[in-house]
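Participant: here is my input, please return the structure:
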Amino acid sequence: MGIYLNPNNENFKKITCADIYVDKTMMIKVLNRFMETAQEYVCVSRPRRFGKTIAGNMLAAYYSKGCDSRQLFAPYKISRDTCFETYLNKLNVIQIDMNSEFRNERETDKLLENLQDRIVEEFAEQFPDIDFGKRESVGNSILKAYSKKGEKFVIIIDEYDVLVRENVSQKLFDQYLDFLNGLFKSNTLRPAIALAYITGILPVVRDRIQSKLNNFREYTILDAGKLAEFIGFTAPEVQALCTEYGADFEEFKRWYDGYRQRGYEIYNPESVVMSLEDGGCENYWGKTSTYAVIVDRIRANFEGTKEDVIRMLAGESVDVNVTRYMNTMTDFSTRGDVFTYLIHLGYLAYDREEKTCRIPNKEIRQEWFNAIEAVDDYAVTNRIIQASKELLAETLRLNAEAVARSLDESHIHVTSNRSYNNEDALQSAIYLSYIYALNKYTIVKEMTTGKGFADVVFIPFVPGIPAMIIELKRNGSTESAISQIRERRYFDSLSAYSGDLLFIGVNYDEAAKTHESQIERFVK
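Facilitator: The predicted model follows:
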């Protein structure tokens, strides 16, 4: 048993002994299958706090010859699967946390040299009958153990991309490329590697590093493939935890849901756990990450960035091309590059089918609010957001003039002149003006109601406030908008709010670029 070579199972044991542990052990079955189908080089990238390290510790506990984990896994799903015995503590594991190595190395330019020396020392201890040279590489050490004893290895590298994300010297970066090349690009060495599992925040960098890792299959937040359900909590898992702890699942969904993967709704696991332990939902993301990363990126203000950011702040999705981004910290040339980067960091969620991105949930939306408050170009947008609380209060007081004034201002900032007069722009203006309402309402666009589709419906999830239906007209009248709500019985689907329902008619004058509003309380 060593620190790097054949570690024990203590890290995973601590995880399973926590008050809250969600069983993700069936991931082992998928990886065992990968090993048998020559897909054994796996790269998993996710934002911080999504469980990458926990998964790595689980894999080390399962595969490592340095421990006996049979009883540790006994309560979990994998122990009841036919594949459980196949590789249980039967392989040599090399486990490296690159972030820890980088932070703890006093002479960073010697990081790779010192790391390899420590690992090779453990090889010499665990294989005393094999002669390992004083300056042996890890790759050559693996090859010697395989050629002389038939020993196979699982390599687990956590935060493999830390030297990509940090401003390291060219010398250290080149040493890292050599290290990766020695491990993963040797045809002679590949039969000795049963599984290579590396994790990071960013996918493989698409220049020099890609050539060293192009035999890895990537499972990213853009497309997690067969590993979708294993990194992050799924909706059924969160619902079960909420039931156990007496928490409001719908509230957790508003706060922490939003990352969809292959049919799964994925939640931020650390925020869910901390909320359950603390007894209430709040923004935990901001306590361990910083909104400055958003600020740095949106300040570049590539064409279309500001317009799309405002639409996303208002609750909408926007088109994004995720294929151009080079997965670096420096190569940004379009708004698509910026948004793709923020998707990988978790500040945006990606819809693979629609090829769109959006702000995923309430927790992350607060980080965006913090960011735009720090960027001068978004001063007007920030003022509209700050005023949205008062607008909701004025709406509930039936102040139609306040609604019209707010829409006049927000409409200017959600779209370009070219698309100013289309209906989507008007709906976006409504979403932005009423952004505070997301704290009290579920806002539905073009909801099926009565004999048609209501333009915007506000369904309260807190007691004591009315539901609201907004109907939009262009170059018409607020009276005709209100009449349409009544004639097409848009209120039928909101029968629970009879007597506590507002009709809001909005008319937009294209020539004057101004809005009128009329508000009525529904009386059945």
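Participant: let me see the contact set for residue 376.
Facilitator: With contacts taken as CB atoms under 8 Å, 6 or more residues apart in numbering, residue 376 has no neighbouring residues. Using the backbone N, CA and C atoms, a C-beta is placed for each residue, glycine as well.
Participant: could you do the one 4 residues further on as well?
Facilitator: For residue 380, the contacting residues are 409, 412-413, by CB under 8 Å, 6+ apart.
Participant: let's see 6 Å
Facilitator: residue 413 (CB atoms under 6 Å, 6 or more residues apart in numbering).
Participant: ok, it to residue 405 distance?
Facilitator: If you measure residue 380 against residue 405 using CB to CB, to the nearest Å, the figure is 14 Å.
Participant: next: residue 60.
Facilitator: Here the criterion is CB to CB. By it, residue 60 lies 60 Å from residue 405.
Participant: between the two, which one's more packed in?
Facilitator: For the pair residue 60 and residue 405, the greater number of neighbours falls to residue 60 (25 against 18), based on other CB atoms under 10 Å.
Participant: helices or strands up against the host helix or strand of the more buried one?
Facilitator: Taking DSSP states H and E as the definition, one finds residue 60 inside helix 52-63. Using 3 or more CB pairs under 6 Å, 6 or more residues apart in numbering; DSSP states H and E as the contact test, the elements touching helix 52-63 are helix 10-16, strand 92-97, strand 153-158.
Participant: restricting to C-alpha, output it in CSV.
Facilitator: What follows is the C-alpha trace of helix 52-63 in CSV, where atoms were taken according to Å, rounded to 0.1, in the frame of the first residue of the first chain:
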residue,chain,number,x,y,z
LYS,A,52,-15.3,14.1,-9.8
THR,A,53,-12.9,13.5,-6.9
ILE,A,54,-15.4,11.3,-5.0
ALA,A,55,-15.8,9.2,-8.1
GLY,A,56,-12.0,8.9,-8.4
ASN,A,57,-11.7,7.8,-4.8
MET,A,58,-14.5,5.2,-5.3
LEU,A,59,-12.6,3.7,-8.3
ALA,A,60,-9.3,3.6,-6.4
ALA,A,61,-11.1,1.8,-3.5
TYR,A,62,-12.6,-0.8,-5.9
TYR,A,63,-9.6,-1.5,-8.1
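Participant: after that helix, which helix or strand is next? Please name it.
Facilitator: Sequence order places helix 70-73 as the next helix or strand after helix 52-63, per DSSP H and E.
Participant: quick one: contacts of that following helix?
Facilitator: Outside of helix 70-73, the residues that reach it under the criterion CB under 6 Å, 6+ apart are 9, 13, 79.
Participant: buried subset of those, written for ChimeraX?
Facilitator: Here is the ChimeraX command that picks out the buried ones among the contacts of helix 70-73, judged by 16 or more other CB atoms under 10 Å:
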select :9,79
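Participant: so can I have TSV of the contacts of helix 70-73 showing distance to residue 93 and pLDDT?
Facilitator: Formatted as TSV, the contacts of helix 70-73 follow (distance: CB to CB, whole Å; pLDDT from 0 to 100):
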residue	distance to residue 93	pLDDT
9	10	97
13	15	97
79	19	98
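Participant: center of this protein - which residue?
Facilitator: Among the residues of the chain, the smallest C-alpha distance to the mean C-alpha position (CA atoms, centre = their mean) belongs to residue 346, namely 3.5 Å.
Participant: so how far is stretch 221-238 from its chain's centroid?
Facilitator: For stretch 221-238, the separation from the chain centroid amounts to 10 Å (computed by CA atoms, centre = their mean, to the nearest Å).
Participant: please save the CA atoms from that stretch in PDB.
Facilitator: Listed next in PDB are the C-alpha coordinates belonging to stretch 221-238 (Å, rounded to 0.1, in the frame of the first residue of the first chain):
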ATOM      1  CA  ILE A 221     -20.800  18.600 -19.500                       C
ATOM      2  CA  LEU A 222     -21.700  19.100 -23.200                       C
ATOM      3  CA  ASP A 223     -22.300  15.400 -23.600                       C
ATOM      4  CA  ALA A 224     -21.700  13.000 -20.700                       C
ATOM      5  CA  GLY A 225     -22.800   9.900 -22.700                       C
ATOM      6  CA  LYS A 226     -23.000   6.700 -20.600                       C
ATOM      7  CA  LEU A 227     -21.600   8.500 -17.500                       C
ATOM      8  CA  ALA A 228     -24.300  11.100 -17.400                       C
ATOM      9  CA  GLU A 229     -26.000   9.900 -14.200                       C
ATOM     10  CA  PHE A 230     -22.800   9.300 -12.200                       C
ATOM     11  CA  ILE A 231     -21.300  12.800 -11.900                       C
ATOM     12  CA  GLY A 232     -23.800  15.000 -10.000                       C
ATOM     13  CA  PHE A 233     -27.100  14.100  -8.400                       C
ATOM     14  CA  THR A 234     -30.100  13.100 -10.500                       C
ATOM     15  CA  ALA A 235     -33.600  14.300  -9.800                       C
ATOM     16  CA  PRO A 236     -34.800  11.000  -8.300                       C
ATOM     17  CA  GLU A 237     -31.800  11.000  -6.000                       C
ATOM     18  CA  VAL A 238     -32.500  14.600  -4.800                       C
END
